[in-house]
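Asks: Predicted structure and sequence below. I'll ask about it afterward.
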Amino acid sequence: MSNQNGQTLTDKALLESVRSDFTIVKKKIYLNNGSISPLPISTIKSITDFCLRYSETGPDSSDFNSYLDSLKKEVRQRIADLIHTNVDEIIFTQSTTEGINLISNGISWKPNDHVLMRNSKSEHYSNYLPWLKAVQDFNLGMGIFPTNTAESTGSALAKDFAEIFHKQEYRLVSTSHVMYNNGSITPVDYLGKVIKRSNSHTFFSIDGAQSVGAIDVNVKSINCDFMTFPSFKWICGPLGLGLLFVKKKTMQELDPIFVGSGSAEVLKSTSGKTHQGEEPEHFESFKFNKYPEKYHATFRNYPGLAGLEASLRYILRIGINNIQSRNKTLSSILRNDLSKIKELIIHEADEEKFRSALISFSFRKKNNERIQRLNFRLQEQGIILAEREIGGRKILRASPHFYNSEDEIQRTTESIKSLIKTNI
């Protein structure tokens, strides 16, 4: 983060100012931002201010509705700036999972369509189960990648993908941008080129839950048709709110799966055919509103939207490149310290450029029980990591964010070393 004086997050005074915006640092060492990030004080205040305005102005007044319209436009603009796209390509959802389900159920699947997705050992179930259900519901063909190992990453993953992709014509390809378990960055720019050069009609869908807000994401250079991500991870926004990017020309091929007064209107009735002597039948029909509002039949989380606007303003003011650099510094310190502990294995991409700020590790021996005990003991000390798994192997995952300090990282590794010495 830099201010008008050119300070960065390495400057003690500025780092302390940022840390003061996150009250959790007073009580815990919170290294679980890949699950849910805490809210900065300005976001909490924005949600409170929204509720006061809602109550004082009148929930359904013309003034308040005008404010809601401007709020939605503002959030769309900030999201567009964040992922380098257009304001009318952003749809509000409740979560990443809902966004993926809107895609998997909104595509008009045809007989013999095929879906290519990451294997279940690698992929988060929220980006696996919706496609598996679509395969069953619509009788689709299915392919998976990688086929060699669960932790294939970087250049090896890219090669494996290209070989698999060219063996079959696919209607859609799905992958996470950053893998939730080993933290590897998928070479999505390369995948997008392979997909679109081979068949421009193949959809490319990306789960951006672990990337948006943590690294620079450009949906145009990736050339994806869909990207889903939440408010509450790296963006530091409220719970119960997600975003769905849909490329504008692709919206024509994505049908809404909900309809309501906010997304459609009833058309005038038309007279049908009649039998002699009978009254004519009258049929009513409807049409969807223009996109993206046609997809908003159920969205009402406006307090969350106010909070998201504040969080977006906060991280965009810092700058995503600055956040990415800061997180890389923190994760590098953690990685280096953990790599010196002989009992541990670090799960990550072999190539540096495909590593994110997520650091996952496990024990070499008697792993699953020891990981659970270690996680429990760390929580007792107020150090919060996440217990996840790769295949059937349990791991502990640390996901530091820009407000964390070097001291917190060092205290975490010292605690891990100390607990391991007790034969945990």
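Replies: Sure, I can see it.

Asks: Give me the phi and psi for Ala13.
Replies: phi -60, psi -40 (degrees, to the nearest 10).

Asks: Count the neighbours of Pro38 for me.
Replies: 20 (other CB atoms under 10 Å). C-beta: built from backbone N, CA, C; applies to glycine.

Asks: The residue nearest to it when sequence neighbours are not counted in helix, strand or coil?
Replies: Distances taken as CB to CB, 6 or more residues apart in numbering put Ile24 closest to Pro38, at 4.4 Å, once the chain neighbours are dropped. For Ile24, the secondary structure call by DSSP: H, G, I helix; E, B strand; the rest coil comes out as helix.

Asks: Tell me, how many residues neighbour Ile24?
Replies: Counted with other CB under 10 Å, the neighbours of Ile24 add up to 14.

Asks: residues contacting Met142?
Replies: If you count contacts by CB atoms under 8 Å, 6 or more residues apart in numbering, Met142 has them with 114-117, 131-132, 135.

Asks: Just the ones in helices from the residues you listed, please.
Replies: 131-132, 135 (DSSP state H).

Asks: Sketch out the low-pLDDT regions of this protein for me.
Replies: Per-residue confidence for the chain (pLDDT under 70) gives these ranges: 1-10, 149-150, 270-282.

Asks: Would you map the helices across it?
Replies: Applying DSSP H to the chain gives helices spanning 12-19, 41-57, 62-83, 96-106, 129-137, 154-165, 188-198, 219-222, 302-318, 320-338, 367-380, 406-421.

Asks: Residues in contact with the fifth one: which ones?
Replies: Residues outside helix 129-137 that contact it (CB under 8 Å, 6+ apart): 97, 100-101, 103-105, 107, 109, 115, 117, 140-142, 172, 174.

Asks: about what we covered before: mind putting the ones in helices among the contacts of Met142 into JSON lines with distance to Gly304 and neighbour count?
Replies: What follows is the ones in helices among the contacts of Met142, written out as JSON lines (distance: CB to CB, whole Å; neighbours: other CB atoms under 10 Å):
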{"residue": "Trp131", "distance to Gly304": "27", "neighbour count": "23"}
{"residue": "Leu132", "distance to Gly304": "29", "neighbour count": "16"}
{"residue": "Val135", "distance to Gly304": "32", "neighbour count": "18"}
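
Asks: Out of the contacts of helix 129-137, give me the two with the largest separation.
Replies: Spatially, the most separated pair among those is Thr97 and Gly141, at 23.7 Å (CB to CB).

Asks: more neighbours, the two?
Replies: Comparing Thr97 with Gly141 by other CB under 10 Å, the one with more neighbours is Thr97, at 20 against 15.

Asks: how much space between the closest residue to the more buried one other than its chain neighbours and Gln77?
Replies: In space, and not counting its chain neighbours, Thr97 is closest to Ser126: 4.4 Å by CB to CB, 6+ apart. Ser126 is 27 Å from Gln77, where distance means CB to CB, to the nearest Å.

Asks: neighbour count winner among those two?
Replies: Shown here are Ser126 and Gln77; by other CB under 10 Å, Ser126 has more neighbours (19 against 15).

Asks: quick one: the more buried one from Glu98, how far?
Replies: 10 Å.

Asks: Ile345 now?
Replies: Taking CB to CB, one finds Ile345 at 35 Å from Glu98.

Asks: again with Ile409
Replies: From Ile409 to Glu98 the distance is 34 Å (CB to CB).

Asks: got it, and Ala80?
Replies: The gap separating Ala80 from Glu98 is 20 Å, by CB to CB.

Asks: And Ile409 and Glu98? Which one has more around it.
Replies: More neighbours surround Ile409 than the other of Ile409 and Glu98, with 24 against 18 (other CB under 10 Å).

Asks: Tell me who's in contact with that one.
Replies: 31, 330, 333-334, 337, 400.

Asks: same check, this time on Pro256
Replies: So Pro256 contacts 102, 106, 263, 288, 294-295, 297 (CB under 8 Å, 6+ apart).

Asks: quick one: which of the helices of the chain is nearest Phe258?
Replies: Ranking the helices of the chain by their distance to Phe258 (criterion: CB to CB) puts helix 96-106 first, at 8.5 Å.

Asks: Apart from its neighbours in sequence, what residue is nearest Trp109?
Replies: Nearest one to Trp109, counting by CB to CB, 6+ apart, is Phe138 at 4.2 Å.

Asks: Check Gly183 too.
Replies: Leaving aside its sequence neighbours, Gly183 sits nearest to Leu358 (CB to CB, 6+ apart; 3.0 Å).

Asks: one step back: how near is the residue nearest to Trp109 to Leu132?
Replies: Computed as CB to CB, the Phe138 to Leu132 distance reads 11 Å.

Asks: next one: Leu116
Replies: Taking CB to CB, one finds Leu116 at 13 Å from Leu132.

Asks: and if you look at Leu312?
Replies: According to CB to CB, Leu312 stands 33 Å off from Leu132.

Asks: same thing with Thr96?
Replies: Distance check for Thr96 against Leu132: by CB to CB, it reads 16 Å.

Asks: end-to-end on stretch 109-126?
Replies: 20 Å (CA to CA, to the nearest Å).

Asks: what comes up buried for it?
Replies: Residues 109, 113-119, 121-124, 126 are the ones in stretch 109-126 that count as buried (16 or more other CB atoms under 10 Å).

Asks: any idea how far that stretch is from the chain center?
Replies: Distance of stretch 109-126 from the chain centroid (CA atoms, centre = their mean, to the nearest Å) equals 18 Å.

Asks: What lies in contact with it?
Replies: Contact with stretch 109-126 is made by 96-97, 100, 127-128, 131, 134-135, 138-147, 150-152, 164-165, 168-176, 179-181, 207, 209, 390-391, as judged by CB under 8 Å, 6+ apart.
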